[in-house]
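Asks: Below is the structure, and that's it, no one-letter string:
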C-alpha cells in the first residue's frame, strides 16, 4: 500500500470542479472546523475564501503561536553538486543547460560548512541535482558523516532513493528528506520532465512512503507553484499529507511553497500564484494541520518574507547560496534559481525580532540522538 | 454501514449482557436496543448453581457474540481466555480486556499490546479495550487489531466522556473503527460520542442499571442514530470571533 | 475407579470414561462449553476420543453475562 493507490482513486477533474464550486458558506463552516478536515482544506484553498484571508491569517497566527511559540527555525541549503541527468524545463540544473558542472570535493565541502557554521547555523539542507551515477548513494554515504560532525540537523534534497538506501543514511544521522512532487497532475508533470529518471511520476509519488518506512524523522512535501493550477496541486498535496500522517505517525511533516520564478530554462507560470494566493495557501495549510512545519526559502522578496513570517511559517533560510561552492565563491551563473532575498541572516533576524519572533538555531529535540 | 473486519453492522450500538436483574429483561433490552453485537464473559461452571443458558436465546436473536477476556490479569491469561472463547462459541472474535486492578478495572496497556500481537498472529479478530491513549491505539492498529475500544471514563461509572480530548485524537488518527467503551452513562453522552465521529459505542451498565432497561435501550438506540446522522450532516458553527487586533494582511493591499 | 479434579473438586470416575461421558454425567449441555484438560483447551471434536486419566485436572467453562 502506498499513496499511489490512493492517488489513482482521486478524480482530479472532480476535485477541481468541487474546489471551484465552493461557496462562502462552505468557507465559513471550514473556518469553524478546519483541523484535519480535507473538505475544510478544500474550502480554504478555493477562490471563495479570498474575502476571508484576513480572518484566516488571524486564526493561523494564533494557532502557530500556540503550537510553536514565537520561534522560527533557521537553516541554510548547502549545494553539493549541480550535476543532473534530468531535463526539467523550469530548472537551471537541467542537463542540457550549458553551465559549469561541479561536485564538491571534501575540502570544498569543509570550507562551505565552516562558513555556514560561522554564521551560526546548526540545521542544514544538503542539495544536489539528480545524478545517480556520479552523485549517488555512495557519495551521500561519504558526505553525511562529515556534515553530521558539525550540524545537529541534516536534511537532504536529492534524487529519490530506495528504502534500504534511506535506512543506511538514517543510520549515518540523516534527519529529514525533502522530496517535491512539483505537480500532482500527471499530464503537466510529463510535459515539464522530459528526460531522465525524474520522468517516472509514480516512483516519485511513492518516495515519501519509502522515506517514512525507513524511519526518517521528517519529510518535506512541496509543489512548484505555478506549473499547473496551484489550488488543485495544493489540494492534492493536502491529500498526500493526510495519507502520510495517518500511515506513518512517527514522522514529522513539513511543506515548502516554492513559486515558479524565472531561471535559465525560462518557463513562465501557467497559473500565476499571486502574493495573496500564497498567503491564502500558507494559512489554509496551517489551519488544516496545526503541527505542520512550513518552510520559506529566499525565493521571495525581503518585504514579503517579513510579512509572511507571523502567518504560519516555522522555518526559513537566510543568506542562501544555491550553487555548489557558492558560500566560498559567490557567482550567479551556476544558481538553481534566482534569489530574491539576498539579505544577510543578521538583517533577517533583526526584522524577525521587531515582529516579536525569535530565531532558533538548534533543534533541541534532535540533540538527544 | 459499519464494517469491522469482514462483518457489517446496521447498528452502531453495541451492548453487554452484564448487570441485568434477570435474563428475560436482558434479552428484551437487547432486542429493544437493536444492537447486533453483544458481549459476553466466561466463567468456570459453579458446582452449586444451575447456570442459565445464556447462549441459546442470544443465538436465536441472531446477534453477533463478542466474548471478552474479563478476568485475565496478564497477556498469557488473556490469550488462554481467547482460545477458550473461540472453542466455546466457535468465533475468532475477541474483546481483549486485561485488568490487573480489581478496584477500578483499569486496562493494562503493556499486557494488552502483548496479547494483541499474539492473538492477531493466531488469526483472531481482536477488539482491545484500552485507555484513551492515542499512541497505544496506533500500536494496536499496527499489531493488526480490527478496531480499538478506548474508554470514556472508568468502567461502570456512568461518568460519560471524561477522555474527550484524547478520543478526538484517536478518532482523527485511526485507520480502524473506534468504538467508545466504558463510562457512557446517558443517551446524551452516547450521542456526543457519535457526533464526534466515533464508529460505534458499547453501552452496558447504563442500560442494565436503569429502572426501565428496555426503555433505556430504546433511548440509546435513538441517541446513537441521531449522533451518527448529526456527524454525517456536519455540525453547525460555533461562532469563535477571532481577535482582530492589528490586521495581518494589510500588506496585500486588498 | 480413578479420581480426577473437576472444576476444583475431587470427583470419582469409572475407568475408560471419555471427556464427553464426563460432561454427560455432570448433566451439562456440551454445545455451550469449553473444556480445559490440564491447562490445555481441548477442541470439542476430540472430547469423545480422550479418556480421563487418574489425577487429571479438568475445568469446564461457560458463557456468562458480562460487558
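Replies: Ah, there it is. All values reported here derive from a predicted model rather than from experimental measurement.
Asks: Buried residues in the lengthiest strand in chain B, which are they?
Replies: Assignment by DSSP state E gives strand B:37-44 as the longest strand of chain B. Buried positions in strand B:37-44, judged by neighbour count with 16 or more other Cβ atoms under 10 Å in any protein chain shown: B:37, B:38, B:39, B:40, B:41, B:42, B:44. Where C-beta positions appear, they are placed from N, C-alpha and C, glycine not excepted.
Asks: what does stretch A:277-295 give?
Replies: A:277-290, A:292-295.
Asks: One more: stretch A:94-111?
Replies: A:94, A:95, A:101, A:102, A:103, A:104, A:108, A:109, A:111.
Asks: Name the nearest of those residues relative to residue A:174.
Replies: Nearest to residue A:174 among the buried residues of stretch A:94-111 is residue A:109, at 16.0 Å by Cβ to Cβ.
Asks: which residues touch whatever residue of chain C ends up closest to chain A?
Replies: Closest residue of chain C to chain A, Cβ to the nearest Cβ: residue C:67 (30.2 Å). Residues near residue C:67 by Cβ atoms under 8 Å, 6 or more residues apart in numbering or on different chains: B:16-19, B:39, B:41, B:68, B:70, B:155-156, B:202, B:204-205.
Asks: Show me the contact partners of the longest strand of chain B.
Replies: Contacts for strand B:37-44 (Cβ under 8 Å, 6+ apart): B:9, B:11, B:14-18, B:30, B:54-55, B:58, B:63-68, B:70-71, B:81, B:84-85, B:88-89, B:95, B:200, B:202, B:204, C:7-8, C:34, C:59-67.
Asks: Lowest pLDDT pick from the contacts of residue C:67?
Replies: On pLDDT alone, residue B:156 ranks lowest of the contacts of residue C:67, at 78.
Asks: Now that one, what are its backbone angles?
Replies: Dihedral pair for residue B:156: phi 70, psi 10, per degrees, to the nearest 10.
Asks: Name the nearest residue to it, ignoring sequence neighbours.
Replies: The shortest distance from residue B:156 to any residue other than its chain neighbours is 4.7 Å, reached at residue B:205 (Cβ to Cβ, 6 or more residues apart in numbering or on different chains).
Asks: so what's that neighbour up against?
Replies: Neighbours of residue B:205 in contact, by Cβ under 8 Å, 6+ apart: B:16, B:18, B:19, B:155, B:156, B:158, B:185, C:67.
Asks: Try it again at 10 Å.
Replies: B:16, B:18, B:19, B:155, B:156, B:157, B:158, B:182, B:183, B:184, B:185, C:67 (Cβ atoms under 10 Å, 6 or more residues apart in numbering or on different chains).
Asks: Can I get the buried part of the residues you listed as one PyMOL selection?
Replies: Buried residues within those, by 16+ other Cβ under 10 Å, are selected in PyMOL with:
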select buried, (chain B and resi 16+18+19+155+156+157+182+183+184+185) or (chain C and resi 67)
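Asks: now the contacts of residue B:205 as a markdown table including secondary structure?
Replies: Output for these, formatted as a markdown table (DSSP: H, G, I helix; E, B strand; the rest coil):
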| residue | secondary structure |
| --- | --- |
| B:16 | strand |
| B:18 | coil |
| B:19 | coil |
| B:155 | coil |
| B:156 | coil |
| B:157 | coil |
| B:158 | coil |
| B:182 | coil |
| B:183 | coil |
| B:184 | coil |
| B:185 | coil |
| C:67 | coil |
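Asks: between the contacts of residue B:205, which is closest to residue C:17?
Replies: residue B:18 (35.3 Å).
Asks: Apart from its chain neighbours, what residue comes closest to residue C:66?
Replies: Per Cβ to Cβ, 6+ apart, closest to residue C:66 is residue B:41, 2.6 Å.
Asks: now that neighbour: how far from residue A:118?
Replies: From residue B:41 across to residue A:118, the span is 69 Å (Cβ to Cβ, to the nearest Å).
Asks: about what we covered before: quickly list what the residue nearest to residue C:66 is bridged to.
Replies: residue C:64 (DSSP bridges).
Asks: And the helices in chain C, which stretches?
Replies: Using DSSP state H, the helices found in chain C span residues C:19-25.
Asks: Near chain B, which residues of it are found?
Replies: C:6-9, C:26-29, C:31-36, C:39-45, C:59-67 (Cβ under 10 Å from any Cβ of the partner chain).
Asks: What residue in the stretch 251-369 of chain A comes nearest to chain B?
Replies: residue A:307 (4.4 Å).
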